[in-house]
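In: sharing a model that was predicted from the sequence below.
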Amino acid sequence: MSKDEEIKQRQRLSSYGSYRPEKCMICGTTFQDQRPCNSHSIPQFVLKSLNNGASGNDKSGQFYPLNSFLQIPWVNKVNGRNNTGTFSLLCKKCDGSCFQNYERADIYTKSLLGNANLQTILNEIAMKNYLYSYYDAKKTIARIEKELRQEETSSFTSRKELNRRIQILNQQLDAETANAKDSFQGFKNTCSIRAKLQSKPSTILYTVDFYHQYNRLFPLAFQGKITIEYDCWGNHINNLFAFDQATQDMHLCIFPIRGTTMVLSFSRRKDKKIQLIRKNLNKKKVDETAKALTAMAMTASGNFAVYINTPESIFNNQYLRSLAGETGTILTHTYTQNNNVSPSQAQKLAHQSVRENHITGARKHLADYLKIPNKLIGLNNV
């Protein structure tokens with residue numbers, strides 16, 4: 001793609017705008033002339049720690065996003081701290097007051113699991129994860145709907161070609177609509193749990209699936225929900241083809257903090273399917289567990305921030321690119337933006353998008369989770 005074509009694609013995408021809610025999703029305050037707060041899904045102290053890196057002197061404030069693996073030419077290759085993992089759904093008051101327990105660097109020690117506020121901390125993380133996922137889905141829905149409205153005016157050579165594009169977009173729309181619905185329901189569930197914990201803080205509603213403090217910095221930070229069809233060991237967790245069924249989600253944090261990395265995964269106590277994942281996470285060596293969690297996160301969410309001085313070889317790793325969606329959803333979206341992809345290739349990519357990446361959680365890739373490079377979990381050897 002030429003530079004002019006890349007600029008044209010960037011301009012086209014920016015013209016689609018974004019999603020803006022009418023009111024705060026927590027307190028219900030109407031925004032009117034006010035703008036929603038620019039909320040961060042990954043705590044700022046984590047991004048600052050990652051930004052400093054092993055050298056401790058990197059002040060660029062920049063990170064590589066997931067697109068560093070996908071390498072889509074018209075999507076940002078570098079993000080600043082202020083636009084890494086952000087969403088706009090809350091008023092400033094709620095953003096500043098509803099996540100205070102978990103957005104503290106001093107709680108992430110070996111004694112975290114004994115913290116009297118642990119259930120509240122986990123609830124705040126889960127709420128933030130569902131908000132980010134909901135916002136991300138609503139943004140994508142807004143883009144797809146605008147593209148669908150514009151298709152009738154597209155200059156295609158045949159009606160068959162136009163129908164093919166519309167079919168691809170509708171497949172994406174169905175998947176993102178289901179994702180938005182699941183994320184919204186997950187958010188409402190966290191609101192209910194929050195109310196229960198406020199009245200009885202000792203109530204156990206979440207189970208910690210894995211917690212470990214690694215005595216080294218990982219070159220990445222992550223926070224998000226993981227919703228998969230199959231886990232790394234072939235266990236069937238969700239039926240993601242059934243858009244009308246509620247999902248069972250796992251929540252994951254990978255937080256580089258002061259020369260160490262905290263890895264925490266948890267789920268609702270009532271979500272029994274996650275027990276299948278938990279058993280494997282805790283019987284593996286901790287480095288193998290870190291790779292498994294990273295693999296599942298890469299198939300389920302794009303909410304990564306990668307250290308700016310990470311070697312280029314990491315981003316050219318074909319296994320990581322496949323995990324991130326290089327052969328599935330992302331390239332299908334690429335077709336909707338780039339007429340140079342042939343119709344036959346587009347049809348194949350659309351099938352891959354639904355079957356492998358967005359729906360099944362890239363089952364065949366997850367089974368190979370040990371292919372995650374050692375450097376991605378902070379080990380010096382390749």
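Out: Sure thing, it's come through.
In: so where's the stretch 101-250 of the chain uncertain?
Out: Within the stretch 101-250 of the chain, the set of residues satisfying pLDDT under 70 comprises 152-157.
In: recalculate using a threshold of 50.
Out: Low-confidence segments of the stretch 101-250 of the chain, defined by pLDDT under 50, are absent.
In: where do the helices sit along it?
Out: For the stretch 101-250 of the chain, the helices defined by DSSP state H, counting those that start in this stretch cover 118-150, 159-199.
In: of those, which approaches residue 314 most closely?
Out: Taking CB to CB as the criterion, residue 314 comes closest to helix 118-150 out of the helices of the stretch 101-250 of the chain, the separation being 23.7 Å. To be clear about C-beta, it is placed using only N, CA and C from the backbone, and glycine gets the same treatment.
In: chain center to that closest one, what's the gap?
Out: Averaging C-alpha positions (CA atoms, centre = their mean, to the nearest Å) puts helix 118-150 9 Å from its chain's average.
In: quick revisit: comparing the helices of the stretch 101-250 of the chain, which comes out most buried?
Out: helix 118-150 (a mean of 21; mean count of other CB atoms under 10 Å).
In: which secondary structure elements does it contact?
Out: Packing contacts for helix 118-150, counted by 3 or more CB pairs under 8 Å, 6 or more residues apart in numbering; DSSP states H and E, involve strand 86-87, helix 159-199, strand 206-214, strand 220-226, strand 250-257, strand 260-268.
In: nearest to residue 100, of those?
Out: Using CB to CB as the criterion, the shortest distance between residue 100 and these is 12.9 Å, found for helix 159-199.
In: just the angle for the closest one relative to helix 118-150, thanks.
Out: With axes from the mean of the first three to the mean of the last three CA atoms, to 10 degrees as the criterion, the two stretches helix 159-199 and helix 118-150 enclose an angle of 160 degrees.
In: rewinding a little: for the helices of the stretch 101-250 of the chain, give me CSV that also has distance to residue 269.
Out: CSV is the format used below for the helices of the stretch 101-250 of the chain (distance: least, CB to CB, whole Å):
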stretch, distance to residue 269
helix 118-150, 10
helix 159-199, 10
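In: out of those helices, flag the one nearest residue 267.
Out: Of all these, the one in closest proximity to residue 267, counting by CB to CB, is helix 118-150 (8.9 Å).
In: that closest one vs strand 206-214, what angle?
Out: Orientation of helix 118-150 against strand 206-214 (the same axes, to 10 degrees) gives an angle of 100 degrees.
In: low-confidence bits of the stretch 251-382 of the chain, can you list those?
Out: The stretch 251-382 of the chain contains residues with pLDDT under 50 at 327-361.
In: which stretches of it form strands?
Out: Counting by DSSP state E, counting those that start in this stretch, the stretch 251-382 of the chain forms strands over residues 260-268, 304-307, given from the N-terminal end onward.
In: nearest residue to the middle of this protein?
Out: Most central in the chain under CA atoms, centre = their mean is residue 301, positioned 2.5 Å from the mean C-alpha point.
In: show me what the residue nearest to that residue when sequence neighbours are not counted bridges to in the sheet.
Out: Leaving aside its chain neighbours, residue 301 sits nearest to residue 224 (3.8 Å; criterion: CB to CB, 6 or more residues apart in numbering). Each beta-bridge partner of residue 224 is listed here, defined by DSSP bridges: residue 252.
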